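Visitor: missing the sequence, but the structure's below:
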Ligand SMILES: Cc1ncc(COP(=O)(O)O)c(C=O)c1O
């Protein structure tokens, strides 16, 4: 019996999302057709090794990774099906924790080759060789973007092409091949539509999309891995900081650095994030929300927070550290700069000093996960400076509203930033 038959004949799929458990009949009683999944995607891996792996995962990892009593949804081109039954989830309780969904996307490529044969497979464990480049030498990148459900049922992505381009730039820095912009976009769309029922209702959150690019080929001596995997998984999310839109409290880190000139701070490589855990953990243990990093050369200039960019407001002027290779060129940052200029603010991308930070009227952070997050206080060398009267600053509130209304499709998108999926 081949992998396809095994998968087609298995009885049910059960997915747990922490709360809800759903079952579907093998003949597709609760499945509906996705208009998108019509051509290139099969729920079965083309590669026989991966078929075996999937078969193993489905049969033997029933409880820990959300797939049990395996039945893959066998999809024969040109028609594909995705589950449409409502998920049992408390949308009001969403935070930024992982919720397992139905499908993930994978696509492979050898060093010097091109990515091809992408496919959707049930969400679950992946098999990886202990000598994979990503495990041994950190050859990995990730991206983050969101899909929003609009009142009319349509689904919106926010500037996904920017994420595709940033992944390509990061891949170049990390000596990895990357999917083309078009492949990235098609893969994101397919993954979102296959997991459509996990997109929160309007106003309740979004579907966070996490594309990964990793050196999965085996390599012992230091060098680029011989094979790469592009993978996308998704999770419904609410607020990133437990504070929500309430102001966060940042600690300026003066000993540890996130990045250095000539390093990899400007790309979204996985090692940048492991490197901040120590400082972030220590700050959180003292009650701070996160850490603000300074430049490593003289510790006088702001860089960014662990997972977001920073803006400083003084009067009608908004300043944010310039992109010089040590901070991530945030897509939210870029969007907020345009929006603020459009609203009549003078916006400067320039070196921003700690003194400017301490004397600001208002400070806020930006990022896909954090959106626009007002900063209530900054602590620098034991001195705490607070902004406003503890509430959300006027500028932060205005930019937050304008950005989120655009992302959720509540206002006309005159910037042409949103992409409709249906
Ligand atoms: C280090 C870092 N800076 C900034 C950002 C904000 O980038 P974006 O607005 O593209 O999400 C992120 C988020 O991914 C990040 O990880």
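Guide: Thanks, I have the structure now. Quantities reported herein were computed from a predicted structural model and do not represent experimental measurements.

Visitor: Which residues does whichever helix or strand residue 190 is part of contact?
Guide: Following DSSP states H and E, the helix or strand that holds residue 190 is helix 181-194. With contacts defined as Cβ atoms under 8 Å, 6 or more residues apart in numbering, helix 181-194 is touched by 34-37, 40-41, 82, 102-105, 107, 115, 118, 120, 145, 147, 155, 157, 160-161, 163-165, 167-168, 178-179, 199, 207, 209, 211, 230, 232-234, 419, 421. To be clear about C-beta, it is placed using only N, CA and C from the backbone, and glycine gets the same treatment.

Visitor: Which residues of the stretch 201-350 of the chain lie near the ligand?
Guide: Taking Cβ under 6 Å from any ligand atom as the test, the list of the stretch 201-350 of the chain residues beside the ligand reads 304, 307, 308, 309, 328, 330, 331, 332, 333.

Visitor: and the end-to-end length of stretch 378-398?
Guide: Using Cα to Cα, to the nearest Å, the span of stretch 378-398 from its first residue to its last is 21 Å.

Visitor: Give me the buried stretch members for it, please.
Guide: The neighbour-count criterion (16 or more other Cβ atoms under 10 Å) identifies 378, 379, 380, 387, 388, 392, 393, 395, 396, 397, 398 as the buried residues of stretch 378-398.

Visitor: Could you dump those into TSV with distance to the ligand added?
Guide: Output for the buried residues of stretch 378-398, formatted as TSV (distance: Cβ to the nearest ligand atom, whole Å):
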residue	distance to the ligand
378	17
379	20
380	20
387	20
388	23
392	19
393	19
395	18
396	15
397	19
398	18
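
Visitor: From those residues, which land in strands?
Guide: Cross-referencing those with the strands (criterion: DSSP state E) gives 378, 379, 380 as the overlap.

Visitor: can you pull up the bridge partners for the last one?
Guide: In this entry, residue 380 is beta-bridged to residue 383, by DSSP bridges.

Visitor: so it touches residue 252, yeah?
Guide: Yes. Counting by Cβ atoms under 8 Å, residue 380 touches residue 252, with 4.2 Å between them.

Visitor: Common neighbours of those two, please.
Guide: 354, 357.

Visitor: Start and end of stretch 342-359, how far apart?
Guide: As for stretch 342-359, its first-to-last residue distance stands at 25 Å under the measure Cα to Cα.

Visitor: got the residues of the stretch 1-150 of the chain near the ligand?
Guide: By Cβ under 6 Å from any ligand atom, the residues of the stretch 1-150 of the chain that approach the ligand are residue 144.

Visitor: Repeat the analysis, applying 8 Å as the threshold.
Guide: 143, 144, 145 (Cβ under 8 Å from any ligand atom).

Visitor: out of those residues, who has the most neighbours?
Guide: The most crowded member of those, judged by other Cβ atoms under 10 Å, is residue 145 (24 neighbours).

Visitor: quick one: the helices in the stretch 151-300 of the chain?
Guide: With DSSP state H, counting those that start in this stretch, the ranges of helices along the stretch 151-300 of the chain come out as 160-173, 181-194, 271-274, 277-285.

Visitor: what stretches of the stretch 151-300 of the chain score poorly on pLDDT?
Guide: 241-244 (pLDDT under 70).

Visitor: So which bits of the helix holding residue 190 are buried?
Guide: By 16+ other Cβ under 10 Å, the buried positions in helix 181-194 come out as 181, 183-194.

Visitor: And the helix or strand harbouring residue 404, what does it pack against?
Guide: With the criterion set as DSSP H and E, the secondary-structure element containing residue 404 is helix 394-407. Counting contacts by 3 or more Cβ pairs under 8 Å, 6 or more residues apart in numbering; DSSP states H and E, helix 394-407 is packed against strand 155-158, helix 331-342, strand 362-367, strand 371-380.

Visitor: hmm, try it at 6 Å
Guide: Using 3 or more Cβ pairs under 6 Å, 6 or more residues apart in numbering; DSSP states H and E as the contact definition, the elements that helix 394-407 packs against are strand 371-380.

Visitor: helices or strands up against the strand it packs on?
Guide: Packed against strand 371-380, as judged by 3+ Cβ pairs under 6 Å, 6+ apart, are the following elements: strand 248-253, strand 362-367, strand 383-386, helix 394-407.

Visitor: I'd like these as CSV, with distance to residue 269 appended.
Guide: Shown next, in CSV, are these (distance: least, Cβ to Cβ, whole Å):
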stretch, distance to residue 269
strand 248-253, 20
strand 362-367, 16
strand 383-386, 32
helix 394-407, 26
